[in-house]
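Visitor: Here you go, sequence then predicted model.
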Amino acid sequence: MIGRLNHVAIAVKDIAAASALYRDTMGADVSEAVPQTEHGVTTVFIHLPNTKIELLEPLGADSPIAKFLERNPDGGIHHICYEVDDILAARDRLKATGARVLGTGEPKIGAHGKPVLFLHPKDFNGTLVELEQA
Ligand SMILES: CC[C@H](C(=O)O)C(=O)SCCNC(=O)CCNC(=O)[C@H](O)C(C)(C)COP(=O)(O)OP(=O)(O)OC[C@H]1O[C@@H](n2cnc3c(N)ncnc32)[C@H](O)[C@@H]1OP(=O)(O)O
Ligand SMILES: [Co+2]
């Protein structure tokens with residue numbers, strides 16, 4: 001069911017500083033910052049030869065990553081995103097196993113214009129998992 005690793009996300013307090021760090025000290029190919037109002041974050045993608053790093057900064061009052069950053073003031077790895085061929089079939093299969101799908105359970109359009117879902121970290125070894133329709 002799960003396919004390629006689409007991205008690894010890092011939550012940060014200051015996305016401009018984190019972007020400059022990757023660009024200037026790591027020579028990385030860093031995108032512009034894009035506000036994702038629907039998701040309560042601003043995103044930057046760092047393009048690597050075999051996957052992407054997603055930098056996340058809280059956006060708005062109810063950002064879902066705000067508490068994570070309170071717990072981890074220096075920032076930290078926030079989630080991993082796997083690609084799936086059929087996100088609804090994957091969702092239904094996971095729900096049938098008792099895994100908790102976050103939010104309404106209906107996919108939202110993510111940063112790549114594809115449907116995404118999130119699975120509760122407590123059900124996946126303390127790791128927040130994002131699924132993205134390939
Ligand atoms: C633009 C879209 C983009 C894309 O790639 O397309 C994105 O990736 S958007 C990314 C931002 N959106 C989300 O993360 C949505 C899903 N996340 C959530 O709904 C919340 O972050 C949630 C529910 C996972 C956690 O929210 P919160 O921290 O406010 O809840 P709790 O404090 O009650 O936490 C419950 C429990 O889970 C532990 N936790 C929280 N976040 C993480 C995490 N990232 N990784 C691992 N564990 C996490 C937290 O410590 C609590 O554990 P406990 O032992 O009870 O203290
Ligand atoms: Co993501």
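Guide: Happy to help now that I have it. Ligands and ions are numbered 1, 2, ... in the order given.

Visitor: List the contacts of the nearest residue to residue 87 once chain neighbours are set aside.
Guide: The spatial neighbour of residue 87 that comes closest, neighbours along the chain excluded (Cβ to Cβ, 6 or more residues apart in numbering), is residue 133 at 4.3 Å. Where you see a C-beta, it was placed from the backbone N, CA and C, and this is true even at glycine. Residue 133 sits next to 83-87, 107, 114-116 when contact means Cβ atoms under 8 Å, 6 or more residues apart in numbering.

Visitor: likewise residue 90?
Guide: 1-2, 84, 117, 131.

Visitor: now those as JSON lines including neighbour count, distance to ligand 1 and secondary structure?
Guide: Shown next, in JSON lines, are the contacts of residue 90 (neighbours: other Cβ atoms under 10 Å; distance: Cβ to the nearest ligand atom, whole Å; DSSP: H, G, I helix; E, B strand; the rest coil):
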{"residue": "1", "neighbour count": "11", "distance to ligand 1": "19", "secondary structure": "coil"}
{"residue": "2", "neighbour count": "11", "distance to ligand 1": "15", "secondary structure": "strand"}
{"residue": "84", "neighbour count": "23", "distance to ligand 1": "13", "secondary structure": "strand"}
{"residue": "117", "neighbour count": "24", "distance to ligand 1": "9", "secondary structure": "strand"}
{"residue": "131", "neighbour count": "26", "distance to ligand 1": "10", "secondary structure": "strand"}
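
Visitor: can I get these in TSV with distance to residue 95 and pLDDT?
Guide: Converted to TSV, those look like this (distance: Cβ to Cβ, whole Å; pLDDT from 0 to 100):
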residue	distance to residue 95	pLDDT
1	13	91
2	15	94
84	14	98
117	10	98
131	12	98
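
Visitor: JSON lines for those, including distance to ligand 2?
Guide: Shown next, in JSON lines, are the contacts of residue 90 (distance: Cβ to the ion, whole Å):
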{"residue": "1", "distance to ligand 2": "18"}
{"residue": "2", "distance to ligand 2": "15"}
{"residue": "84", "distance to ligand 2": "14"}
{"residue": "117", "distance to ligand 2": "11"}
{"residue": "131", "distance to ligand 2": "10"}
